[in-house]
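Enquirer: Structure, please.
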Amino acid sequence: MSNPPRTDNRQPPSRRSAPLPPASNRQASSRDASPRNASSLNASSRNAPSRNASARPTLSRASASTGGSGGSSDSPFLTARITLGRVFRADSPNFFLLLGVTTVLVIIGLLMVLSASSVDSFLKTGQFFSAFGRQAAYAAIGLPAMMFVSQLPMVFWRKWAMTILVIGSFAQLLVFTPLGYESGGNRNWIQIGGVTAQPSEFLKIAIALWLGLTLPKSIERNGANNWRALVPVVPALVPVGLVLLGGDLGTVIIMGMIIIGAIFFSGVSLRILSIPIILGAAMVGLMAVTSPNRMARIFSFLSANCSDYANSCWQPLHGKWALAGGGIFGVGLGNSKAKWSWLPEAENDFIFAIIGEELGLIGAVLVLVLFVLVAVAFMRIVKDTADPMVRIATGAIMVWIIGQAFVNIGVVLGVFPVLGVPLPFVSSGGTALISALLAVGVVLSFTRASSRVGR
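Expert: As a prediction, this is how the structure comes out:
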């Protein structure tokens with residue numbers, strides 16, 4: 001059969017694609033599907049099962065090599081593996097830097113709580129590891145909670161920032177009910193059954209999120225050189241006032257640092273920033289002079305020889321002696337002498353003294369370096385983001401964690417009077433540990449959001 005005249009439908013080489021067959025060829029193809037060729041088609045279909053059958057043993061052997069007998073039995077393992085992979089997938093190295101350093105600090109904290117609390121735990125409960133068991137349980141709650149929070153999108157924080165602040169303020173009010181109790185002159189805890197909690201720790205996260213959400217809008221509306229840009233700070237002062245009513249000046253100072261840090265990273269002028277700094281310093285001074293206990297600690301701190309050895313000077317002096325007794329290499333993990341009822345709050349506010357005694361200067365410097373790495377991770381996140389909420393909230397959380405570590409270590413070194421603030425991630429205390437881990441989870445979620453925007 002003669003073919004029809006050939007038409008030239010050629011395309012340039014760079015855009016050439018397979019042309020449709022001519023009409024006569026399509027007709028020939030339709031004639032090939034006639035009953036005359038049915039036998040050949042049936043033969044092909046009869047041969048297909050044999051080819052599939054030959055492939056089945058390979059598939060079954062592959063399934064057997066993975067430890068399952070079929071696809072359905074492998075699916076839970078594969079699903080868990082894929083889900084875990086999604087949890088740890090992030091484009092930014094800041095995510096892994098912050099996550100890794102935080103985890104190392106928590107592990108060091110568990111080891112030091114185990115050592116520092118063993119004697120007091122035995123004296124109180126008859127068991128050496130009761131305080132360590134509680135701290136390990138809080139870490140087992142806080143670390144997964146941190147990873148869960150890191151999966152939340154930015155829209156969640158924008159939507160719920162105000163609600164979190166309101167709920168946290170109502171929780172703080174519970175300390176003034178029969179559920180609240182006083183410790184060390186501060187009424188800042190609640191107790192439900194055998195579980196105690198400190199609502200003010202979670203208020204730190206709420207303040208950072210609230211200011212991160214509202215300050216950019218206020219600055220855009222009023223300008224960075226107008227004091228009205230600080231109007232969103234007023235609702236944040238409500239929970240600060242509630243904590244102040246409970247008498248916890250150390251926590252109030254940290255919350256004030258969070259507010260000032262958020263204002264600083266919002267980009268207002270230094271003239272506007274000086275307003276909350278002056279007001280905050282005046283408030284702290286007023287609370288100090290109106291408390292005899294605080295004034296005694298301040299005078300003992302300012303005294304050259306610390307004459308009141310048995311009372312206000314006991315804890316800071318024994319903290320410095322423990323820190324100095326470790327030397328360069330320390331006396332060894334678990335071999336502290338100060339923890340034998342010589343140093344009050346050895347596992348909490350003065351745990352850095354036990355670190356210096358047991359692990360020496362090397363261990364103390366290691367902890368300092370880890371906190372420097374945390375600050376580096378925070379600053380890199382602040383620098384890389386274009387979202388003002390991420391910048392302000394991350395900066396406020398950084399000021400909280402790094403500033404609190406600075407204050408705690410400064411108290412042990414004798415730079416500051418005793419303020420009663422724990423060392424983040426390291427000191428004993430369930431609420432403080434969980435709230436700090438949740439704050440890191442918030443920043444990790446910011447990092448994930450920035451990575452998705454970058455892609």
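Enquirer: Pull out the buried residues from the helix or strand encompassing Gln191.
Expert: For Gln191, the host element (DSSP states H and E) is strand 186-192. Within strand 186-192, the residues scored as buried using 16 or more other CB atoms under 10 Å are Asn186, Arg187, Asn188, Trp189, Ile190. Every C-beta, even on glycine, is put in place using the N, C-alpha and C of the backbone.
Enquirer: Repeat that for stretch 154-172.
Expert: Met154, Trp157, Ala161, Ile164, Leu165, Gly168, Ser169, Ala171, Gln172.
Enquirer: returning to that earlier point: now for the buried residues of strand 186-192: which two are most distant?
Expert: Asn186 and Ile190 (12.7 Å; CB to CB).
Enquirer: and Leu317, how far is that from Thr125?
Expert: Counting by CB to CB, to the nearest Å, the gap from Leu317 to Thr125 is 28 Å.
Enquirer: Ala282 too?
Expert: Remark: distance between Ala282 and Thr125 (CB to CB) = 44 Å.
Enquirer: Ala139 - nearest residue in space that isn't next to it in sequence?
Expert: Val106 (5.6 Å; CB to CB, 6 or more residues apart in numbering).
Enquirer: before we move on, what about Ala288?
Expert: Arg294 (4.9 Å).
Enquirer: how deep is the one you found tucked in, by neighbour count?
Expert: 19 (other CB atoms under 10 Å).
Enquirer: if I pick Leu333, what's in contact with it?
Expert: Leu333 makes contact with Leu111, Ser115, Glu358, Leu359 under the criterion CB atoms under 8 Å, 6 or more residues apart in numbering.
Enquirer: again, but for Gly180
Expert: Gly180 touches Leu174, Arg187, Trp189, Ile190, Gln191, Gly246, counting by CB under 8 Å, 6+ apart.
Enquirer: picking up where we left off before, restricting to C-alpha, output the helix or strand the residue nearest to Ala288 falls within in PDB.
Expert: Here Arg294, judged by DSSP H and E, is contained in helix 292-302. Output of helix 292-302 as PDB, limited to C-alpha atoms (Å, rounded to 0.1, in the frame of the first residue of the first chain):
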ATOM      1  CA  PRO A 292      14.100  43.700 105.600                       C
ATOM      2  CA  ASN A 293      15.200  40.400 104.300                       C
ATOM      3  CA  ARG A 294      16.300  41.800 101.000                       C
ATOM      4  CA  MET A 295      18.100  44.700 102.600                       C
ATOM      5  CA  ALA A 296      20.000  42.200 104.800                       C
ATOM      6  CA  ARG A 297      21.100  40.300 101.800                       C
ATOM      7  CA  ILE A 298      22.100  43.600 100.000                       C
ATOM      8  CA  PHE A 299      24.100  44.800 103.100                       C
ATOM      9  CA  SER A 300      25.800  41.400 103.400                       C
ATOM     10  CA  PHE A 301      26.700  41.600  99.800                       C
ATOM     11  CA  LEU A 302      28.100  45.100 100.100                       C
END
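Enquirer: chain center to that helix, what's the gap?
Expert: Centre-to-centre, helix 292-302 and its host chain are 34 Å apart (CA atoms, centre = their mean, to the nearest Å).
Enquirer: for stretch 146-166, same thing?
Expert: Centre to centre, stretch against its chain (CA atoms, centre = their mean), the figure for stretch 146-166 is 13 Å.
Enquirer: Can you list the low-confidence ranges for the stretch 51-200 of the chain?
Expert: 51-91 (pLDDT under 70).
Enquirer: Please enumerate the helices of it.
Expert: Chain-ordered helices for the stretch 51-200 of the chain, with DSSP state H, counting those that start in this stretch as the definition, fall at 71-87, 93-116, 118-125, 130-149, 154-173, 199-222.
Enquirer: Pick the most buried one from those helices.
Expert: helix 199-222 (a mean of 23; mean count of other CB atoms under 10 Å).
Enquirer: which other helices and strands contact that helix?
Expert: The contact analysis (3 or more CB pairs under 8 Å, 6 or more residues apart in numbering; DSSP states H and E) places helix 199-222 against helix 154-173, helix 233-245, helix 249-266, helix 388-413, helix 430-454.
Enquirer: hmm, back to that, send the alpha carbons of the strand holding Gln191 over as CSV?
Expert: Below are the C-alpha coordinates for strand 186-192, written out as CSV (Å, rounded to 0.1, in the frame of the first residue of the first chain):
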residue,chain,number,x,y,z
ASN,A,186,7.7,34.5,98.3
ARG,A,187,4.1,33.4,97.5
ASN,A,188,4.6,32.3,93.9
TRP,A,189,3.7,28.6,93.8
ILE,A,190,0.5,26.6,93.6
GLN,A,191,0.1,23.0,94.8
ILE,A,192,-2.5,20.6,93.5
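Enquirer: Lovely, talk soon.
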